[in-house]
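Colleague: I'll drop the sequence and a predicted model, then ask my questions.
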Amino acid sequence: MNGDLTAIRAILFDLYGTLLDVRSVEAACAGVAADAAAFTQLWRAKQLEYTFLRTLMGRYVDFWQVTRDALEYSAERFGVALDPARREALMAAWLRLASFPDAPEALAALDGAGRTLGVLSNGSPPMLDAALAHSGLRAHFAHVLSADAVRVYKPHSAVYQLGCDALGLLPHQVLFVSSNGFDVAGAAHFGFAVCWANRAGVPADRLDQIPRLQIRSLGELVAALRGPL
């Protein structure tokens with residue numbers, strides 16, 4: 001689905017699951033559980049669940065601690081005893097996530113066309129710095145914004161407001177790109193023009209919010225934004 005993009009002045013990207021493939025954690029989990037894919041899926045699900053619950057309860061801890069707590073739960077659920085060295089090795093996998101294959105080329109094209117680009121993520125600043133440095137994507141972004149600044153998590157509107165404040169723009173002037181359904185809905189509710197990177201072709205969440213664009217690859221975003229904004 002397409003829409004008018006003439007008001008867009010900057011593009012913000014979610015990081016985890018949008019530019020960086022969280023499934024790459026699975027390689028680190030291979031020696032931990034017999035079903036590394038299921039272990040990784042549970043870890044990620046609990047990581048997100050804890051951000052929602054902590055925001056609702058007003059019990060903020062940063063994303064590194066959320067990730068550690070989710071790991072501890074997952075290990076207990078799978079009956080896995082983690083020694084300190086293995087625990088830290090698993091946590092470190094979040095600092096070395098692989099980028100999706102389409103991300104470097106698409107970001108280079110958007111950056112080269114003079115777009116103002118930024119990251120808006122739940123990740124804590126050290127996590128974002130490490131992951132972006134490892135992936136080689138950091139140089140494309142004028143802004144790297146963390147929910148840690150407002151001590152709540154997406155889809156809370158205060159997180160999306162960070163983008164407007166940093167860019168000096170109104171919500172409708174910002175295109176926000178995410179692969180996560182809750183993030184797409186939250187950003188659209190806030191007022192961003194939203195692009196849903198729906199790589200898996202899954203159904204839309206029933207949250208009464210429709211993205212401006214829906215793409216299967218970031219290359220499609222580059223094509224949609226050809227020409228002056």
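Modeller: Cool, the structure landed.
Colleague: Go through the longest helix belonging to the chain and flag the buried ones.
Modeller: Scanning the chain for the longest helix, with DSSP state H as the assignment, gives helix 36-57. Neighbour-count burial for helix 36-57, counted by 16 or more other CB atoms under 10 Å, picks out 36, 39-44, 46-48, 50-51, 54-55. Every residue, glycine included, has its C-beta placed from N, CA and C.
Colleague: Contacts only, for the residue nearest to R199 when sequence neighbours are not counted.
Modeller: Nearest-residue entry for R199: R216, 6.0 Å, with adjacent residues in sequence omitted and distances by CB to CB, 6 or more residues apart in numbering. Residues in contact with R216 (CB atoms under 8 Å, 6 or more residues apart in numbering) are 197-199, 201.
Colleague: hang on, the earlier thing: kindly indicate which of the buried residues of helix 36-57 lies nearest V61.
Modeller: For V61, the closest of the buried residues of helix 36-57 turns out to be R54, at 6.7 Å, with distances computed as CB to CB.
Colleague: Let me see the confidence value for A7.
Modeller: Looking at A7, its pLDDT stands at 88.
Colleague: Just to check, it is in contact with A193?
Modeller: Yes: in this structure A7 lies within contact range of A193 using CB atoms under 8 Å: 7.5 Å.
Colleague: what is in contact with the two at once?
Modeller: In contact with both A7 and A193: H172, using CB under 8 Å, 6+ apart.
Colleague: so H143 touches V119, yeah?
Modeller: Yes: shown here, H143 and V119 form a contact pair, counting by CB under 8 Å, at 7.1 Å.
Colleague: one step back: so which elements touch the longest helix of the chain?
Modeller: helix 26-29, helix 63-77 (3 or more CB pairs under 8 Å, 6 or more residues apart in numbering; DSSP states H and E).
Colleague: quick one, helices of the protein?
Modeller: 26-29, 36-57, 63-77, 84-92, 103-112, 125-135, 157-167, 181-190, 218-224.
Colleague: Out of those, the one nearest I210 is which?
Modeller: Judging those by CB to CB, what sits closest to I210 is helix 181-190, at 6.9 Å.
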